[in-house]
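In: Prediction below, plus the sequence it came from.
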Amino acid sequence: LFRSQLGGLLVDCVEDSRLIDVAVGLGGLARLGPRPEILPSIQEHVIMKLQGTSPADAAKVGSGVRETTSDREQSASSGSSSVRSQATPDSAKTGLDPRHVATLVASYSAFARLRMRDDAVLSAAGAALERCSRHGRALPANYLVPFVRSLATNLQPAPASLVRALEANLPPLVGGLQVEELSTIVQSLAFIPGIR
């Protein structure tokens, strides 16, 4: 009963929660045991968070108009509510913290260990990490080893977008890794199909 209440609370709060809060909540729920209804019920909201959109943004995209967060802030500060621009895909998606995305991947990895996998969210997470890397926000080195381990074990075969995210994040970090970390990563890479 308690697990059901916690799961229901997470589902009810996911739209208004930060990505890191959703990730930590999911990780905790995964440790309590299988709750197969959780992942499908939050999938859409988690993907929108990873893409940097809200339900209101999604409706605007459907109508051909998209307002970015910076557009809304600019509009609010200028007092104009009619300022809207067509956002480029990356301009609306650069606000994610790669640590939060990696924590989300770890939570979904814990669910994958329970034989509950959501490839749509994992693919969106990979795309988000790749965008972060392109914008100069690489995954911190202390998040890299657990991320690689997840791809090599619980998330095997790793979704292509997560593999591309690893390829984008690994080269700039290699020089700063300790020998043990580098050894763990090199050993794990053998179990990640499609890595270049």
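Out: All right, it came through fine. Numbering: from 1, shown residues only.

In: I'd like the next helix or strand past the worst-scoring helix or strand of the chain on mean pLDDT.
Out: Least confident helix or strand of the chain, by mean pLDDT, DSSP states H and E, is helix 69-78 with a mean of 36. Using DSSP states H and E, the next helix or strand after helix 69-78 towards the C-terminus is helix 98-113.

In: and whatever helix or strand comes next after that following helix, which residues are buried?
Out: The element immediately downstream of helix 98-113 (helix or strand, assigned by DSSP H and E) is helix 119-134. For helix 119-134, the neighbour count (16 or more other CB atoms under 10 Å) marks 121-133 as buried. C-beta: built from backbone N, CA, C; applies to glycine.

In: Quick one: distance of the helix or strand encompassing residue 20 to the chain centre.
Out: Secondary structure from DSSP H and E places residue 20 in helix 19-32. Its chain's average C-alpha position is 13 Å from that of helix 19-32, according to CA atoms, centre = their mean, to the nearest Å.

In: For the helix or strand following that helix, which residues meet the burial criterion?
Out: The helix or strand immediately downstream of helix 19-32 is helix 38-51, counting by DSSP H and E. Across helix 38-51, burial judged by 16+ other CB under 10 Å covers 38-39, 41-42, 45-51.

In: What is helix 38-51 packed up against?
Out: helix 2-13, helix 19-32, helix 55-62, helix 98-113, helix 119-134 (3 or more CB pairs under 8 Å, 6 or more residues apart in numbering; DSSP states H and E).

In: any idea of the angle that helix forms with helix 19-32?
Out: Relative orientation of helix 38-51 and helix 19-32, computed by axes from the mean of the first three to the mean of the last three CA atoms, to 10 degrees: 160 degrees.

In: Return helix 38-51 as CSV; C-alpha atoms alone will do.
Out: The C-alpha atoms that make up helix 38-51 are tabulated as CSV, following Å, rounded to 0.1, in the frame of the first residue of the first chain:
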residue,chain,number,x,y,z
ILE,A,38,4.8,4.1,-12.9
LEU,A,39,7.0,4.4,-16.1
PRO,A,40,4.2,4.5,-18.7
SER,A,41,2.2,7.0,-16.6
ILE,A,42,5.1,9.5,-16.4
GLN,A,43,6.8,8.9,-19.8
GLU,A,44,5.3,11.8,-21.7
HIS,A,45,6.2,14.3,-18.9
VAL,A,46,9.7,13.0,-18.5
ILE,A,47,10.4,13.2,-22.3
MET,A,48,9.0,16.8,-22.4
LYS,A,49,11.4,17.7,-19.5
LEU,A,50,14.3,16.1,-21.4
GLN,A,51,13.3,18.0,-24.5
